[in-house]
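Q: need a structure here:
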Amino acid sequence: MLTRRLSPKLILFAGMTSFLAAAPAPAPGERHDSRRAVAVHAAPAAKPSATPPAGLQLRARRPDPAAPPEPVALAPPAAPIFAVRSILALDHPLAAGDYAWSDEGVPEGPLTIVADLAAEKLYVYRGGIEIGRTSMISGWGDKPTPLGVFPILEKDRDHVSNIYDAPMPFMLRLTWDGISIHGSVVSDDYATHGCLGIPDEFAATLFAQAKRGDYVLVTRGWKANGAGRA
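A: As a prediction, the model looks like this:
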């Protein structure tokens, strides 16, 4: 009997389609546009520098348009389906280095994390309720951040990159070839070599809450609550 094996790209596409298609749909009786007010933690003014911190690269200009990065294979099991039930209403838009977190009264449970490379924002949900949002930096030029759905594979509070000899505190590993979420300087001038860099204070809070196996969706143009939600 002959069987046809699906390519990793097709499996990944199917998993991401299910994830994205289900996210905007509220569960019966739930309000899709529920908002919870929260204050933004503003970052101190960044000092301009021609030399980026260790492990980062300068983002002096936008690179020439190129094909999107190749997605990686989706690791089993498939990503969970969740409905966004409530989002944070920030008192002002996030600038580079800013973040917001509010989980008071939100029941415990696994997290779902969404990183939007286009908006340069990372969103954290618990049970479909947004509890955190932050500015971030990602890969640039010839070292883009891969798109896909990734389970958190490993946690390391005091990780140091063996490639760049740079501290990557509160590291949440997404791939075994070096892609992770970690604490970083977040500035419009800097980019990573493929990781998702978030403010150290937010990274510490996320690290304390996230568990191995929680899912991270890396995409472009997160529309769970319509255009302009970020």
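Q: Would you map the strands across the protein?
A: 34-38, 57-58, 86-90, 99-101, 111-116, 121-126, 129-135, 148-151, 154-160, 167-173, 180-183, 190-191, 196-198, 215-219 (DSSP state E).
Q: now the ones you listed in TSV, with mean neighbour count?
A: For every residue, glycine as well, the C-beta is placed using N, CA and C. Below are these laid out as TSV (neighbours: other CB atoms under 10 Å):
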stretch	mean neighbour count
strand 34-38	15
strand 57-58	16
strand 86-90	19
strand 99-101	22
strand 111-116	22
strand 121-126	23
strand 129-135	25
strand 148-151	23
strand 154-160	14
strand 167-173	22
strand 180-183	25
strand 190-191	23
strand 196-198	28
strand 215-219	22
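Q: Lowest average confidence across helices and strands of this structure, where is it?
A: Using mean pLDDT, DSSP states H and E, the weakest-scoring helix or strand in the chain turns out to be helix 8-22, at a mean of 44.
Q: so what pLDDT did I131 get?
A: pLDDT, I131: 96.
Q: wait, Y164
A: 73.
Q: Quick check: the gap between the residue nearest to L111 when sequence neighbours are not counted and A204.
A: Nearest-residue entry for L111: D214, 4.6 Å, with adjacent residues in sequence omitted and distances by CB to CB, 6 or more residues apart in numbering. Separation of D214 from A204 (CB to CB, to the nearest Å) stands at 16 Å.
Q: And for Q57?
A: The value you get for Q57 to A204, if CB to CB is used, is 24 Å.
Q: do P52 as well
A: 22 Å.
Q: now this structure, which segments are flagged as low pLDDT?
A: Residue ranges of the chain with pLDDT under 70: 1-33, 44-50, 55, 60-81, 165, 224-230.
Q: re earlier: neighbour count for D214 and A204, which is higher?
A: Using other CB atoms under 10 Å, the more surrounded residue of D214 and A204 is D214, with 20 against 15.
Q: Contact partners for that one?
A: Neighbour list for D214: 110-113, 151-152 [criterion: CB atoms under 8 Å, 6 or more residues apart in numbering].
Q: cutoff 6 Å now
A: Listed by CB atoms under 6 Å, 6 or more residues apart in numbering, the contact set of D214 reads 110-111, 152.
Q: could these go into CSV alongside distance to G141?
A: Below are those laid out as CSV (distance: CB to CB, whole Å):
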residue, distance to G141
P110, 34
L111, 30
I152, 26
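Q: can you pull the contacts of E104?
A: Counting by CB under 6 Å, 6+ apart, E104 has no contacts.
Q: Could you do T219 as well?
A: Here T219 is in contact with no residue (CB under 6 Å, 6+ apart).
Q: do you know how far it is from V185?
A: From T219 to V185 the distance is 24 Å (CB to CB).
Q: ok, now I179?
A: Distance, I179 to V185, by CB to CB: 18 Å.
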